[in-house]
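*Asks:* Output the structure for:
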Amino acid sequence: MMTYRKSHFPPSCRFGLLATALAIGLAGCGDDGASADDDTGGDGDADSDSDADADADADEHLFPKSSIWYQDRTGEPPHPQSEAVIAWMSQAGNSFEPDGEFRIDLSIKVLHADDSVPFQTFEKTADFYESTCDYGDIPVPPGGSLEGHANTDYRCQSDGDCHLIVVHKSKQLLFEMWRADITGGTFDSKPFYGGCLAIWDLTRDYGWNLQQGLDYERMGRGNDCASGDAAGYPIAPLLFTPEECAAGEIDHALRFILPNRNIRERIYVAPATHSTNPTAGGVNAPPYGAQFRLKPDADLKAAHPEVDFDNLPIGARAVITALQKYGMFLADGGAIALTGMSDFHSNTKYCDHDLYEWCDEDPNRLLHEHDLKFIRVSDFEMLDNGGPERTWTGDCTLLYHYDNDSQTVIEN
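*Replies:* Model (predicted):
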């Protein structure tokens with residue numbers, strides 16, 4: 001099997017991906033350079049039997065299929081404000097970074113734990129906020145690693161997001177921690193430091209049932225409440241995987257980010273439940289929770305006659321189709337527009353890392369981070385999910401809490 005010789009995908013903070021935005025409006029490592037307490041503003045061993053090395057099931061959904069993440073939005077009319085938002089974002093400096101290009105960050109890892117994986121206790125850091133974060137022991141799979149690091153241990157070796165994301169399917173739980181750091185490196189070493197943790201019950205719809213109607217008053221973990229992302233919803237279900245790219249089909253919505261200055265100031269809409277102080281966009285900037293849908297092929301080909309769409313890598317084509325069908329949700333602040341799951345702990349690789357220094361040199365690659373950089377914000381429309389525009393106040397009242405003894409998420 002192929003393994004990395006070096007990291008070919010960007011750690012999120014190297015390109016300014018915003019860390020979790022918590023109750024005081026922290027900016028993490030976002031583009032405005034604010035620190036975690038500022039009120040402003042991979043090399044996986046493919047032959048390993050480690051619990052961390054688990055190829056995703058392309059037909060598997062983390063949450064109920066009724067959730068908004070899995071709904072086909074083809075043909076739905078755009079939001080009444082779509083034209084104004086896209087026009088504003090089409091001005092220089094108002095959309096994706098860098099240079100308005102639709103690039104891809106493939107640094108986020110999702111680990112898988114079974115019942116043999118031990119749960120570990122962590123020490124809260126200054127990045128853990130009692131009003132909006134969950135506390136409990138976390139399953140830490142042997143052989144795993146954190147977001148954005150080309151090493152096979154759990155040390156946070158940069159001032160990045162260092163997300164620790166673990167799916168425990170038998171317990172139907174998703175653990176998403178921001179700023180994890182197990183300084184000894186191994187899964188069971190100490191000390192284990194952790195920032196904000198969100199623990200999700202994979203059997204709940206959290207008010208996201210679009211077919212029956214979104215529950216705007218009981219959305220997600222609670223209005224004004226954060227998660228592992230600034231918008232307040234989970235990260236993992238919005239990441240495409242190398243397995244999905246290889247299959248040529250992604251059957252869910254995706255996750256995108258923008259610089260804080262290009263996100264509507266302190267405003268969020270469903271399915272988001274949170275915004276941050278560093279957001280600074282005006283009334284025509286998209287709010288957290290905004291869902292964008294890519295225009296049909298005919299429009300893309302007319303806008304980009306220089307692109308040979310028929311010869312795009314299979315993964316790039318799959319991403320395009322998913323964006324046209326399911327769209328993408330504004331989830332965090334920073335740079336590099338689209339995020340997918342790292343191939344670090346997967347047997348399926350985006351390219352042949354053994355033969356090629358850089359993925360774009362591989363003619364048989366599934367996907368490279370620059371394959372869709374020709375796409376511009378003018379190629380999208382904004383959709384309407386209804387509900388009020390809310391102003392973030394920092395007054396989070398969690399709808400659920402995690403019971404560490406029973407390992408269940410309980411409604412408050």
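*Asks:* residues of stretch 357-365 that come out buried?
*Replies:* 359, 360, 362, 365 (16 or more other CB atoms under 10 Å). For glycine as for every other residue, the C-beta is placed from the backbone atoms N, C-alpha and C.
*Asks:* Please tell me how far residue 168 sits from residue 228.
*Replies:* 15 Å (CB to CB, to the nearest Å).
*Asks:* How about residue 262?
*Replies:* The value you get for residue 262 to residue 228, if CB to CB is used, is 21 Å.
*Asks:* Could you check which of those two is surrounded by more residues?
*Replies:* Using other CB atoms under 10 Å, the more surrounded residue of residue 262 and residue 228 is residue 228, with 29 against 24.
*Asks:* I'd like the mean pLDDT over stretch 292-304, please.
*Replies:* For stretch 292-304, mean pLDDT is 98.
*Asks:* got it, and stretch 89-106?
*Replies:* 97.
*Asks:* Alpha carbons of it, in CSV - could you do that?
*Replies:* The C-alpha coordinates for stretch 89-106 follow below in CSV (Å, rounded to 0.1, in the frame of the first residue of the first chain):
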residue,chain,number,x,y,z
MET,A,89,-19.0,38.7,-2.9
SER,A,90,-18.0,39.1,-6.6
GLN,A,91,-16.2,42.3,-5.7
ALA,A,92,-12.4,42.0,-5.2
GLY,A,93,-11.5,40.7,-1.8
ASN,A,94,-15.0,39.7,-0.8
SER,A,95,-15.1,36.0,-1.4
PHE,A,96,-12.7,33.0,-1.1
GLU,A,97,-9.0,33.2,-0.3
PRO,A,98,-6.6,33.3,-1.8
ASP,A,99,-7.4,35.5,-4.8
GLY,A,100,-11.1,34.4,-5.0
GLU,A,101,-10.0,30.8,-5.9
PHE,A,102,-12.0,27.8,-4.9
ARG,A,103,-9.3,25.7,-3.3
ILE,A,104,-9.6,22.6,-1.1
ASP,A,105,-8.1,21.8,2.3
LEU,A,106,-7.6,18.1,2.8
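*Asks:* What's the first helix or strand after the lengthiest helix in the chain?
*Replies:* Ranked by residue count, the top helix of the chain under DSSP state H comes out as helix 314-325. Downstream of helix 314-325, the next assigned helix or strand under DSSP states H and E is strand 328-333.
*Asks:* now that next one, how far from the centre of its chain.
*Replies:* 8 Å (CA atoms, centre = their mean, to the nearest Å).
*Asks:* For that strand, which strands pair with it and how are they oriented?
*Replies:* strand 254-258 (parallel), strand 291-294 (antiparallel) (DSSP bridges).
*Asks:* Which one of those strands lies nearest to residue 158?
*Replies:* strand 254-258 (17.9 Å; CB to CB).
*Asks:* ok, residues contacting the closest one?
*Replies:* 17-18, 95-97, 229, 235, 238-240, 286, 292, 319, 322-323, 326-340 (CB atoms under 8 Å, 6 or more residues apart in numbering).
*Asks:* which regions of this structure sit below the pLDDT cut-off?
*Replies:* 1-59, 149, 151 (pLDDT under 70).
*Asks:* Go ahead and flag the most central residue of it.
*Replies:* Geometric centre of the chain, nearest residue: residue 235, 3.9 Å, by CA atoms, centre = their mean.
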